[in-house]
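Participant: the sequence and its predicted three-dimensional model are supplied below.
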Amino acid sequence: MDLGDRLKGQRLLITGASSGLGAHFARLAARNGASVAVAARRTDRLETLVKELEQLGAPRAEAIALDVSDGASIHACVARAVDALGGLDVLINNAGTVRQGLAIDQTAEDFDDVMSVNLRGVWLMAIAVARHWRDTKTPGNIVNIASILGERVSAGTASYCVSKAGVVQMTKALALEFARHNIRVNALEPGYFETEINSGFFDTDAGKTMIRSIPMRRIGRLEDLDGPLLLLASDASRFMTGAAIPVDGGHLLV
């Protein structure tokens with residue numbers, strides 16, 4: 001979706017950008033005039049993505065290795081993004097993971113793995129960029145990618161649900177604290193979209209049953225997130241902070 005260069009002149013750092021939602025958000029930003037730093041562990045994919053972003057019109061594009069479970073990696077990533085883009089305006093806090101299986105069968109390590117990426121990693125990224133903006137006395141904008149599973153639950157994804165509920169509350173708490181520094185924090189709560197994390201599920205009987213429970217009777221298409229993401233990432237949402245916006249075909253209504 002192109003909403004008229006809504007992000008022209010903006011400099012975005014997008015985590016978890018090697019595939020799925022993150023890569024889609026990067027392409028969307030480039031098409032709408034932004035310079036983009038894409039960060040993830042799979043740097044081979046990022047290099048290919050950067051070439052695509054340049055072709056789509058990004059004034060600057062940079063690939064950065066990032067492990068959000070590692071504080072040192074996060075600080076290095078933010079510093080490199082600022083240097084490569086000449087500053088930073090927006091963080092799309094997108095990195096995430098999931099461990100399928102019933103909670104009673106999962107180990108403490110399984111739980112910790114999810115929390116280290118989905119909750120701790122999101123926290124550390126937000127704090128790192130907020131400190132940069134505070135110290136340089138520049139405004140900032142954080143868009144956390146949460147999930148409707150932060151508002152409701154689904155069997156077999158307990159740790160994921162817990163982590164995303166934490167992201168929703170984190171968004172509100174940080175929005176309250178960061179407002180004094182002219183830093184906004186909002187969250188996007190996607191419903192069910194087919195990505196690498198859940199690929200194949202929607203062809204199963206359970207997946208088809210789940211689709212029938214969505215009021216709009218379909219799963220989301222990546223482009224369904226374009227408008228909400230552009231709203232939150234741009235100045236169009238300049239008086240919004242602490243919001244968590246579901247994009248789910250009405251799934252939270254049932």
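Facilitator: Everything's here; your move. Residues are numbered from 1 along each chain as shown.
Participant: so where's the stretch 151-254 of the chain uncertain?
Facilitator: When residues are selected by pLDDT under 70, those of the stretch 151-254 of the chain lie in 197.
Participant: at which residues are the helices of it located?
Facilitator: 158-178, 205-212, 226-233 (DSSP state H, counting those that start in this stretch).
Participant: and the strands in this protein?
Facilitator: Assigned by DSSP state E, the strands in the chain fall at 11-15, 35-40, 61-65, 90-93, 140-145, 183-190, 244-247.
Participant: name the helices or strands packed onto the first one?
Facilitator: Secondary-structure packing of strand 11-15 (3 or more Cβ pairs under 8 Å, 6 or more residues apart in numbering; DSSP states H and E): helix 20-31, strand 35-40, helix 71-85, strand 90-93. Just so you know, the C-beta spots here come from the backbone N, C-alpha and C atoms, and that holds for glycine as well.
Participant: repeat that for the second one.
Facilitator: Judged by 3+ Cβ pairs under 8 Å, 6+ apart, the packing partners of strand 35-40 are strand 11-15, helix 20-31, helix 43-56, strand 61-65, helix 71-85.
Participant: what's next to that strand, contact-wise?
Facilitator: Taking Cβ atoms under 8 Å, 6 or more residues apart in numbering as the criterion, the residues outside strand 35-40 that touch it are 10-19, 22-23, 26, 29-30, 46, 49-50, 53, 58-66, 77, 80-81, 84-86, 88, 95.
Participant: before we move on, back to that, ranking the helices and strands packed on strand 35-40 by burial, who's on top?
Facilitator: Compared across the helices and strands packed on strand 35-40, strand 11-15 shows the largest average neighbour count, a mean of 27 (mean count of other Cβ atoms under 10 Å).
Participant: ok now that strand, how far from the chain's centre?
Facilitator: 10 Å (Cα atoms, centre = their mean, to the nearest Å).
Participant: contacts only, for A34.
Facilitator: Applying Cβ under 8 Å, 6+ apart, one finds that A34 lies in contact with L7, K8, G9, Q10, R11, L12, A58, V90.
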